[in-house]
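Novice: Make a model of this:
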Amino acid sequence: MSDCGTRAVSVIGFIGSVFSPWYRWSGRKNPHNHVCINVATYGPGGRFAMTDRGTSALRQTASRLEVGPSMMRWNGAQLIIDIDEISGPPLINRLRGQIRVTPSALTSVELPLTEDGAHIWRPFAPKSRIEVTIDRPGWQWEGEGYFDANFGTRALEEDFSYWTWGRFPTGDGATCFYDATRLDGSQLAAGFHFDEDGHGAAIPLPPKTRLPRSLWAVKRETRSDPGPAPKQKLGMLDAPFYTRSAVEIQLGKERVTGVHEALDLRRFRSPLIKPMLAVRVPRRRHWSFD
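Specialist: Have a look, this model is predicted:
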């Protein structure tokens, strides 16, 4: 998020593009044949790019993930993301630029989301700075950054019905909350605070507080200490099953604003959702790096 709070960017690298209808229709047998670097910008002139690409578009090393024309690379101190994508409707045009994420420190925390470890959350850098340079007026800014990873050996909708996640910068680090309802009815409820040096510790959980439903009526709730009610500060992604926004909550004596997500996997399981997603997620099977 920008320091002024009016713009934000999200970039997700996928091997096995979990929200791609093409991956689902393929039977999810070959994740390397459904790769993607999803880029979304939020604020004036915001755009969304998510192209499902085939095996020929993927190149990897220990420090680089390359998917077609875009790349993420780690130089030992920064995550550098080079973007060259085509955004989807309603604004179809080229989205080109670079994002640099500079962590204050790296963590060693991993959280299994299921008892058998089929899904794992890995917050690499909960506290970071971000520099954005995108080829549009007003899209050169700095702000609060973050990066993590989720690993899985099963489809999300096979194990979960609903989850929320939030990351909130604080005066002495960052706080993350992860809540999920599994299909068997069991609950995941986790909260961590990370200091500037990357040390993480589990924290007592504030109570859940309802947020207004999204434009697609996705249920939303967040953790927040007693005080003024949580409120949305910037709308970001709004899909029939998924919502992302900047939300202001109370943490102790601080009023903090961070990124919040809610995912309704019962809706995502609906076969009606997949054709809708195909409009926003084109399939490009072939690619040449020459």
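Novice: and the longest helix anywhere in the chain, which residues are buried?
Specialist: In terms of residue count, the longest helix belonging to the chain (DSSP state H) is helix 273-280. Using 16 or more other C-beta atoms under 10 Å as the test for burial, helix 273-280 gives 273-274, 277. Just so you know, the C-beta spots here come from the backbone N, C-alpha and C atoms, and that holds for glycine as well.
Novice: Just after the helix or strand containing residue 244, pick out the following helix or strand.
Specialist: Assessed by DSSP states H and E, residue 244 sits inside strand 242-251. Next along the chain after strand 242-251, taking DSSP H and E as the criterion, comes strand 254-264.
Novice: Endpoints of stretch 67-82, how far apart?
Specialist: By C-alpha to C-alpha, to the nearest Å, the extent of stretch 67-82 from end to end equals 10 Å.
Novice: coming back round to it: include distance to residue 115 and pLDDT when you put the buried residues of helix 273-280 into JSON lines, please.
Specialist: Formatted as JSON lines, the buried residues of helix 273-280 follow (distance: C-beta to C-beta, whole Å; pLDDT from 0 to 100):
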{"residue": "273", "distance to residue 115": "28", "pLDDT": "94"}
{"residue": "274", "distance to residue 115": "29", "pLDDT": "93"}
{"residue": "277", "distance to residue 115": "30", "pLDDT": "93"}
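Novice: Just send the residues you listed back as CSV, with distance to residue 189 too.
Specialist: CSV is the format used below for those (distance: C-beta to C-beta, whole Å):
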residue, distance to residue 189
273, 27
274, 31
277, 29
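Novice: so where do the strands sit in the stretch 51-200 of the chain?
Specialist: Secondary structure of the stretch 51-200 of the chain by DSSP state E, counting those that start in this stretch: the strands cover 52-53, 58-61, 64-67, 70-74, 79-86, 94-103, 111-112, 119-134, 140-152, 160-170, 173-182, 187-195, 200-202.
Novice: pLDDT below threshold where in this protein?
Specialist: Within the chain, no range satisfies pLDDT under 70.
Novice: The nearest residue to residue 235 once chain neighbours are set aside and residue 161: what is the separation?
Specialist: The shortest distance from residue 235 to any non-neighbouring residue, by C-beta to C-beta, 6 or more residues apart in numbering, is to residue 245 (5.4 Å). Residue 245 sits 21 Å away from residue 161, going by C-beta to C-beta, to the nearest Å.
Novice: Same drill for these two, tell me which one is more crowded.
Specialist: Shown here are residue 245 and residue 161; by other C-beta atoms under 10 Å, residue 245 has more neighbours (22 against 19).
Novice: coming back round to it: would you mind finding the most buried of the strands of the stretch 51-200 of the chain?
Specialist: Most buried of the strands of the stretch 51-200 of the chain, by mean neighbour count (mean count of other C-beta atoms under 10 Å): strand 52-53, with a mean of 26.
Novice: And that strand, how far out from the chain middle?
Specialist: The chain centre lies 18 Å from the centre of strand 52-53; the measure is C-alpha atoms, centre = their mean, to the nearest Å.
Novice: likewise stretch 227-238?
Specialist: Averaging C-alpha positions (C-alpha atoms, centre = their mean) puts stretch 227-238 16 Å from its chain's average.
Novice: Give me the buried positions along it.
Specialist: Using 16+ other C-beta under 10 Å as the test for burial, stretch 227-238 gives 230, 232, 234, 236-237.
Novice: Right, I'll leave it there.
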